[in-house]
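**Q** what follows is a predicted structure for the sequence shown.
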Amino acid sequence: MTVRLNAKTARVLEGSPWIYKGQFDAPAVSSAPNTVVAVLDRQGRFVGRGFYNPRSIIAIRLLSRRRDEKIDADWFAKKIQSAIDSRAPWVGSRDAYRVVNSEADGLPGLIVDKYGPMLVVEVLSLGLSQFMPIVLDVLAQQFKPTGIYERGDIPVRDREGLPRVDQLLFGRLESPVYIHEHGVTLSIDLAGGQKTGHFLDQYENRGRVGMLAAGKKVFDAFSHTGGFGLVAARHGATAVTEIDIDAHAVEHAQQNAADNSLTDRMTFVTANAFDWLRQASDQGPQYDLGILDPPAFTKSRDRVAEALKGYKEINLRGIKLIRPGGILVTSSCSYHVSESDFINVVGQAAYDAKRHVKIMEIRGQAPDHPMLAALPESRYLKCLILEVGV
Ligand code: SAH
């Protein structure tokens, strides 16, 4: 089947793999969703081939711009292999990393994370779901995993017309599994944890925090299973307070601390971090190193203003909590909040806190989460390292 772009098309001709509803003339025959369609421009020239899903706002996701490429089992095997190969120099001997990162690896809607002997997949496009048997074959051959588990209880699947499922797709489920990062052992709850079990995108930033932690008193707000704080404690922090609203995550963090014999220097708080930050910062500066790693405050463009208010608040409080000369590591994973918006809001927070704040470093997501230049949505994580002066 073939579709022809109309006058409203812009991004796809500038390199984006996404074609929105209304940017092409809908096919005359009501074609079944899942179909791989050929896309032509207004002059009838070949643009590429992609998944077509009339239900989704992103109605076509391009897979290939090469006319001679057939989208078949072989094609998927090659794509997955090339994602695996491109990780090798970046992940070395790590036992946990993202193997496939959707559009950036040319596989729209496919996420694959490796956690030791297990693989966890997320399928976020209907077209891709049709090819899962092939994907599973390739992954099983390449990794010989104990099991491949699908995390699919996520709202974006509704928009694609995909059912919400959490299920074992291959082998058997081993959970928890144990992974290692920056000298810490972490247990990963594959079936019940948040996201695919762990926030791998912050791996490098946790390592950075480890380098800055020796001798420091640390708070880690939005700590999940304790990642940043545990790495800090392992690398010489004298005291670490972990704060998360999810009691289950806090318990998990406590268990991780025990497994790493770090309990003696760690404190765990189940609380809304907004409240904790407000109350603690009212007592004045008390910490040498702080981490703010909240969930996305907005998933839609029209709620950016509200999200910015949230970032302003936690950064204001976070800055106030840091002793002069200390460090605040602050992140945003809302892709609708741009890096410059985020920097601005941190600047406003510093101004309101009446503190001189220097940006020491601007960081992002780990390299096993590659981005596409033409798809700004693929670059979502911003991480600023600030030195908070007097
Ligand atoms: N820093 C973690 C990942 C954090 S994910 C790591 O490196 O692994 C965001 C966390 O924020 C989740 O664990 C979620 O439970 C928590 N959270 C969400 N809203 C919160 C709130 N209002 N107060 C405290 N924690 C919150």
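**A** Thanks, I have the structure now.

**Q** residue numbers of the stretch 51-200 of the chain in contact with the ligand?
**A** 194, 199 (C-beta under 6 Å from any ligand atom). In short, each C-beta sits where N, CA and C put it, glycine included.

**Q** can you give me the helices in the stretch 51-200 of the chain?
**A** Assigned helices in the stretch 51-200 of the chain, in chain order: 73-91, 126-130, 132-143, 156-160 (criterion: DSSP state H, counting those that start in this stretch).

**Q** who's in contact with Glu150?
**A** Contacts for Glu150 (C-beta atoms under 8 Å, 6 or more residues apart in numbering) come out as 120-123, 165-169.

**Q** who wins for neighbours among those residues?
**A** Val120 (28 neighbours; other C-beta atoms under 10 Å).

**Q** so it sits against Leu110, correct?
**A** No. Checked against C-beta atoms under 8 Å, the pair Val120 and Leu110 is beyond contact range at 11.8 Å.

**Q** contact partners for the closest residue to Val3 other than its chain neighbours?
**A** Excluding the flanking residues, the one nearest Val3 by C-beta to C-beta, 6 or more residues apart in numbering is Phe24, at 4.6 Å. Contacts for Phe24 (C-beta under 8 Å, 6+ apart) come out as 3-6, 9, 39, 59-60.

**Q** tell me the pLDDT at Phe24?
**A** We have a pLDDT of 92 for Phe24.

**Q** what's across from it in the sheet?
**A** In this entry, Phe24 is beta-bridged to Leu5, by DSSP bridges.

**Q** just the ones in strands from the contacts of Glu150, please.
**A** Among the contacts of Glu150, the ones falling in strands (DSSP state E) are 120-123, 165-169.

**Q** so where's the longest strand in the chain?
**A** Max-length strand for the chain by DSSP E is strand 322-332.

**Q** strands paired with that strand, and their directions?
**A** Assessed with DSSP bridges, strand 322-332 is paired to strand 287-292 (parallel), strand 382-388 (antiparallel).

**Q** could I get the CA-only coordinates of that strand as PDB?
**A** Coordinates of each C-alpha in strand 322-332 appear next as PDB, following Å, rounded to 0.1, in the frame of the first residue of the first chain:
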ATOM      1  CA  ILE A 322      22.900  23.100  50.200                       C
ATOM      2  CA  ARG A 323      25.700  24.600  52.300                       C
ATOM      3  CA  PRO A 324      27.900  27.200  50.500                       C
ATOM      4  CA  GLY A 325      30.300  25.400  48.200                       C
ATOM      5  CA  GLY A 326      28.100  22.300  47.900                       C
ATOM      6  CA  ILE A 327      26.700  20.600  44.900                       C
ATOM      7  CA  LEU A 328      23.200  20.100  43.600                       C
ATOM      8  CA  VAL A 329      22.600  17.600  40.800                       C
ATOM      9  CA  THR A 330      19.200  18.400  39.300                       C
ATOM     10  CA  SER A 331      17.400  16.500  36.500                       C
ATOM     11  CA  SER A 332      14.300  16.900  34.300                       C
END
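
**Q** just to revisit the earlier point, for the helices of the stretch 51-200 of the chain, which one sits closest to Asp201?
**A** The minimum distance between Asp201 and the helices of the stretch 51-200 of the chain falls on helix 73-91, with 13.0 Å, by C-beta to C-beta.

**Q** so which elements touch that closest one?
**A** strand 96-101, helix 132-143 (3 or more C-beta pairs under 8 Å, 6 or more residues apart in numbering; DSSP states H and E).

**Q** quick check, pLDDT for the residue in the stretch 1-150 of the chain that the ligand sits nearest to.
**A** Nearest to the ligand in the stretch 1-150 of the chain, going by C-beta to the nearest ligand atom, is Ala96, at a distance of 11.8 Å. In this prediction, Ala96 carries a pLDDT score of 98.

**Q** check Ala32 too.
**A** On the pLDDT scale, Ala32 gets 64.

**Q** how about the one 5 residues further on?
**A** Reported pLDDT at Val37 in the predicted model: 93.

**Q** swap in Phe76?
**A** Predicted confidence (pLDDT) for Phe76: 94.

**Q** count of neighbours near it?
**A** As a burial measure, Phe76 scores 21 neighbours (other C-beta under 10 Å).

**Q** right, and the helices of the stretch 51-200 of the chain - which one's nearest Val231?
**A** Shortest distance between Val231 and the helices of the stretch 51-200 of the chain, using C-beta to C-beta, is found for helix 73-91: 17.1 Å.
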